[in-house]
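*Asks:* got a predicted structure plus its sequence, pasted below:
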Amino acid sequence: MLVLEIKSLTVEVKGKLLLREINLGVREGEIISVIGNNGAGKTTLLKTISGFFKPTMGEIFFKGEKITRLSPHEVAKLGIAHVPEGRRIFTMETVKDNLLLGAYTRWWREKKQIIKESENFINKYPIVGKHYARIAGTLSGGEQQFLAILRGLMMSPVVLMLDEPSLGLAPLAVKEIFKLIEDCKKTFNLSIILVEQMAKKALSICDRAYILERGAIVAEGTGKEFLVDPIIKKTYLGSL
């Protein structure tokens, strides 16, 4: 079953064509990787799904309902969480408050449940749990990225979109982040769209992948297929 479906999506911003005829589907409980060089349109794709950019042509469907023209807060309320590039945590707030703020779309309906979930997170993920009362801006880059993803999970999403979660992180932190992404799928049965420059790592954990080039999808396949494809390896993975 397709949770998210994109049909013939074309996006033009300030006279510049950023996405061209994108067709993409995300099934329930799978990880989709979107890879490509800088400027290929990966971030634009996520921002368009989130409602920050409005398509020139094409449609976006969530659980069969058209969401193409919805605002970002309306998209979030439906259950699509976007963890943007650069983490964008609330650096002057505590780790605890960052988690609670992630659940703002649910707060008035589920306050007690939200507080319980945040406490469960600190027990399950000590990498942030041990810093629960600290100001988030004092955390390391890896800890901040971990927090940003958990903040997205506090929305109780159906689809979690991650934009460059490994950007600027040390190798050990990257390893922890990818473990968390896999855990998100297994524990919460989420559908995940992963935009990532570390293509080899992204392909190693995804079910299916799309390659974007100059705003268009040029290839689609499973992560395993792409990892052994000689053209993909040479062009996008830096190996033969």
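*Replies:* The structure has been received and is ready for your questions.

*Asks:* what about the closest residue to V195 other than its chain neighbours, neighbour count?
*Replies:* Nearest residue to V195, sequence neighbours excluded (C-beta to C-beta, 6 or more residues apart in numbering): K42, at 4.4 Å. Bear in mind the C-beta positions are built from the backbone N, C-alpha and C, glycine included. Neighbour count of K42, defined by other C-beta atoms under 10 Å: 25.

*Asks:* how much space between K42 and K185?
*Replies:* As defined by C-beta to C-beta, to the nearest Å, K42 lies at a distance of 20 Å from K185.

*Asks:* can you give me every residue that contacts L70?
*Replies:* Residues in contact with L70 (C-beta atoms under 8 Å, 6 or more residues apart in numbering) are 51, 78.

*Asks:* going forward, count from 31.
*Replies:* Noted, 31 is the first residue going forward, which turns the last one into L100.

*Asks:* phi, psi for K96 please.
*Replies:* Taking degrees, to the nearest 10, you get phi -70, psi 130 for the backbone angles of K96.

*Asks:* need the contact partners of stretch 46-56.
*Replies:* Outside stretch 46-56, the residues within contact range by C-beta under 8 Å, 6+ apart are 32-42, 62, 71, 74-75, 78, 83, 85, 88, 189, 221, 223, 240, 244-247.

*Asks:* test my guess that K230 contacts L267.
*Replies:* Yes: at 5.1 Å, K230 counts as touching L267 under the criterion of C-beta atoms under 8 Å.

*Asks:* quick one: common contacting residues for these two?
*Replies:* Joint contacts of K230 and L267 (C-beta under 8 Å, 6+ apart) are L257.

*Asks:* residues in contact with S148?
*Replies:* 126, 129-130, 133, 184.

*Asks:* following element in sequence after the helix or strand containing it, please.
*Replies:* In this structure, S148 sits in helix 137-154 according to DSSP states H and E. For helix 137-154, the following helix or strand on the C-terminal side (DSSP H and E) is helix 156-159.

*Asks:* tell me the SS of A203?
*Replies:* The three-state label given to A203 by DSSP: H, G, I helix; E, B strand; the rest coil is helix.

*Asks:* just the buried members of the contacts of S148?
*Replies:* Buried members of those, counted by 16 or more other C-beta atoms under 10 Å: 126, 129-130, 133, 184.

*Asks:* want to throw these into a markdown table with pLDDT and secondary structure?
*Replies:* Listed next are the buried ones among the contacts of S148 as a markdown table, based on pLDDT from 0 to 100; DSSP: H, G, I helix; E, B strand; the rest coil:
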| residue | pLDDT | secondary structure |
| --- | --- | --- |
| K126 | 85 | helix |
| L129 | 84 | helix |
| L130 | 80 | helix |
| A133 | 77 | coil |
| M184 | 82 | coil |
